[in-house]
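> Make a model of this:
(chains A and B)
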Amino acid sequence: MGTRTAYETHVSALDVIDDDDARLRSIIELGRRRQSEPFPAAWKTDANLLHGCMAKVWIVHAVEGDRHVFHGRSDALVVNGIAAIMTESFSGLTRAELLSRTLDDVRRFRLGALATERQLGMMAMLKRFQKLAATSQPEN
Amino acid sequence: MASHAEPLDVARVRDDFPFLDEMVHGRPPVYLDTAASAQKPRAVIAAIRDAYEHGYGNVHRAVHHFGHRATEAYETARNDIALFINAQSADEIVFTRNATEAINLVAASYGRSALRAGDEVVVTEMEHHANIVPWLMLRDRHGIVLRVAPVDDRGIIHIENLAALLSDRTRLVAVTHCSNVLGAVTPVRDIVRLAHDHGAVVLVDGSQAIVHQAVDVRDLDADFYVFTGHKLYGPTGVGVLFGKGNLLAAMPPYQGGGEMIERVSFDMVTFKDPPHRFEAGTPPFVQAIGLAAALRYLTAIGIGRIADHERSLLTHATAALEDIDGVRILGSAPEKAPILSFTMDGVHPLDLAVVLDRAGVAVRAGQHCAEPLMRRLGIDGAVRASIGVYTNRADIDALAAAVRRARKVLI
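So this is what the prediction gives:
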């Protein structure tokens, strides 16, 4: 996961759904599926929490060689689905690749129509990924 | 409260609100987020437009036609607001950006001049962050002690619990007139009497209460009363601080700049009397004119008639939501404003609000800027549906139907 392919897979999967209600249902189902997957309680720390008023999101970061890997979990299904899309899409990239990602890459998911807040949340996640990558130990 | 013979003609009221002509996701809008910000009637929009088109120039010290017109409209708005809350004088009305700034003004000006390290300020558990954070900042910078009065699960402040916190160290009590989460209306008159018996002044956050009931600051005997314009069907960017004349007169300026001074040299500066002493820089005069138009609009309909209408819808909404499996309504104070917060078992408030939005139903989800209250209630957040003058029974029915459908999607 985490290559351009994972990103394109999510973009394509969302792109073929031409109805916003169906797109929301798909995000909710993805969030529900991911909630049943393991996410260690030890990862749910304040340090990993992306602070926002409406839902909690924990983002966990690891470096594998020169690649950055992210895991995410939220207590809200919609945000959990979005966290799954974001962590899978932007994992497996180098620091330089990650830092080159912009709002345009997030817009391609076409989730802005659901609510501007969701797109802002996705940008907040991308910025967290970039900050974690930028402040992590130098790559070997 | 007395009921009014002629009920509100809500269909006619709805004609006054252009937002109802919009479609949301292909459906007519169901706007139940008035407690966050109210939609605007045409009368307010027209007043703002008129001010910009026909009477716009910077206020005070103007020697031209447009400045005179704007100044006259601005000071008339101040007078209208004084009348609306029965202040003794328009000089007791200070325009701010919002209620938050009004509280910050009191905390910074009155707080730093009249309070000493060790003096105590009392708030309640159900305050909005706007009535918590300025006092925490005053504590951290100035050394005051913050005491917190408990509320019960219904949202009731038991006066004996508040009384137990008051002492000869108490200098100020800052309390909401109506919880923005629980809708509970607080016994402000009793609280003021009790605080005054201890020599403390009282600041009342009226941001929610003034939207749903007549407010008489002299009857309440509140020392400071604050509210914001945009929740009261007025524009954003204007709030009101009422302060008793003798208190304002003794307070130093909050911010410095133009408009608030008498004389300035590099050696000294002298300040104007209140309220202008507290209005540094160009004030939000067009917004104040818009707020006055909102008050005229509400007064013409009748505050009591609006309150009756909203109370009836609150009863209907409470029954409709209580009938849905897993829904738990927060707050059941005997006197409750039309603010209905609720949770649904097994469903995150954000998920519920997002699904409701797709049904064209606008509600708010989260902690509602009341994190300590959420902690007190043992929840992370809630959905809040809030009712306004334009809300009708069909809106409430649409909410209930959408909540039922959302439950099927989310559980």
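> The longest helix along chain A packs against which elements?
The helix of greatest length in chain A, counted in residues with DSSP state H as the criterion, is given as helix A:116-135. Taking 3 or more CB pairs under 8 Å, 6 or more residues apart in numbering or on different chains; DSSP states H and E as the contact definition, the neighbouring helices and strands of helix A:116-135 are strand A:49-50, strand A:57-64, strand A:67-74, helix A:77-90, helix A:95-99, helix A:103-107. To be clear about C-beta, it is placed using only N, CA and C from the backbone, and glycine gets the same treatment.
> what's the longest one packed up against?
Think helix A:77-90. Here helix A:77-90 is seen to pack against helix A:4-15, helix A:20-35, strand A:57-64, strand A:67-74, helix A:116-135, helix B:349-358 when contacts are counted using 3+ CB pairs under 8 Å, 6+ apart.
> Determine how far the longest helix of chain A lies from the middle of the whole chain.
On the basis of CA atoms, centre = their mean, to the nearest Å, the separation between the geometric centre of helix A:116-135 and that of its chain is 8 Å.
> Flag the shaky bits of chain B, pLDDT-wise.
Regions of chain B meeting the criterion pLDDT under 70 cover residues B:1-5.
> Can you pull the phi and psi angles for the most far-flung residue of it relative to its centre?
Here chain B has its C-alpha centre computed as a mean, and the residue farthest from that point, by CA atoms, centre = their mean, is B:D267 with 40.6 Å. Note on B:D267: its backbone torsions stand at phi -100, psi -30 [degrees, to the nearest 10].
> can you tell me how far it sits from chain A?
Note on B:D267: its distance to chain A, by CB to the nearest CB, to the nearest Å, is 47 Å.
> I'd like the distance between that residue and A:L132.
With the distance defined as CB to CB, to the nearest Å, B:D267 ends up 54 Å from A:L132.
> what do you get for B:N392?
Summarising the geometry, the distance separating B:N392 from A:L132, computed by CB to CB, is 49 Å.
> Return the distance of stretch B:73-80 from the chain's centre.
Offset of stretch B:73-80 from its chain centre (CA atoms, centre = their mean): 20 Å.
> For that stretch, list the C-alpha coordinates in CSV.
Included here for stretch B:73-80 are C-alpha records, laid out as CSV according to Å, rounded to 0.1, in the frame of the first residue of the first chain:
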residue,chain,number,x,y,z
ALA,B,73,-27.9,55.8,12.7
TYR,B,74,-25.1,54.3,14.9
GLU,B,75,-26.0,56.2,18.0
THR,B,76,-29.7,55.6,17.4
ALA,B,77,-28.9,51.9,17.2
ARG,B,78,-27.2,52.2,20.6
ASN,B,79,-30.3,53.8,22.0
ASP,B,80,-32.6,51.2,20.5
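> what's next to that stretch, contact-wise?
If you take CB atoms under 8 Å, 6 or more residues apart in numbering or on different chains as the criterion, stretch B:73-80 is touched by B:51, B:55, B:59, B:90, B:93, B:95, B:275, B:283, B:285, B:288-289, B:291-292, B:295-296.
> which of these lies closest to chain A?
Within the contacts of stretch B:73-80, the smallest distance to chain A is 27.1 Å, found for B:L291 (CB to the nearest CB).
> Distance of the closest residue in space to that closest one that isn't next to it in sequence relative to chain A?
Closest residue in space to B:L291, ignoring its immediate chain neighbours: B:G234 at 3.5 Å, by CB to CB, 6 or more residues apart in numbering or on different chains. Applying CB to the nearest CB, one obtains 25 Å for the distance of B:G234 from chain A.
> which residue packs closest to the most centrally placed residue in chain A, ignoring adjacent ones?
Geometric centre of chain A, nearest residue: A:M86, 2.0 Å, by CA atoms, centre = their mean. Here the nearest residue to A:M86 in space, its sequence neighbours aside, is A:M125; by CB to CB, 6+ apart that works out to 4.6 Å.
> do the same with B:Y110
Closest residue to B:Y110 in three dimensions, ignoring its sequence neighbours and counting by CB to CB, 6+ apart: B:M251, at 5.3 Å.
> who are the neighbours in contact with that neighbour?
For B:M251, counting by CB under 8 Å, 6+ apart, the contacting residues are B:S109, B:Y110, B:S113, B:A114, B:G243, B:P274, B:R277, B:F278.
> that older thread, hang on, the residue nearest to the centre of chain A packs against A:M123?
No: distance between A:M86 and A:M123: 9.8 Å, which falls outside the contact criterion (CB atoms under 8 Å).
> Report how many residues lie close to the closest residue to B:N392 other than its chain neighbours.
Nearest residue to B:N392 in three dimensions, chain neighbours excluded: B:V10, at 4.8 Å (CB to CB, 6+ apart). Taking other CB atoms under 10 Å in any protein chain shown as the neighbour definition, B:V10 ends up with a count of 18.
> swap in the one 10 residues further on?
With neighbours defined by other CB under 10 Å, the count for B:L20 comes to 15.
> what sits against it?
By CB under 8 Å, 6+ apart, the residues touching B:L20 are B:R14, B:P28, B:P29, B:Y390.
> any idea how far B:R49 is from it?
The span separating B:L20 from B:R49 equals 19 Å under the rule CB to CB.
> now do the same end-to-end measure for stretch B:375-383.
Its first and final residues considered, stretch B:375-383 spans 15 Å by CA to CA, to the nearest Å.
> can you pull the buried residues of it?
By neighbour count, and taking 16 or more other CB atoms under 10 Å in any protein chain shown as the criterion, the buried residues in stretch B:375-383 are B:R376, B:L377, B:D380, B:G381, B:A382, B:V383.
> Skipping its backbone neighbours, what lies nearest the second one in space?
Okay, so that is B:L377. The spatial neighbour of B:L377 that comes closest, neighbours along the chain excluded (CB to CB, 6+ apart), is B:L330 at 6.5 Å.
> Also the fourth one?
Counting by CB to CB, 6+ apart, the nearest residue to B:G381 once its immediate chain neighbours are dropped is B:P349, at 4.5 Å.
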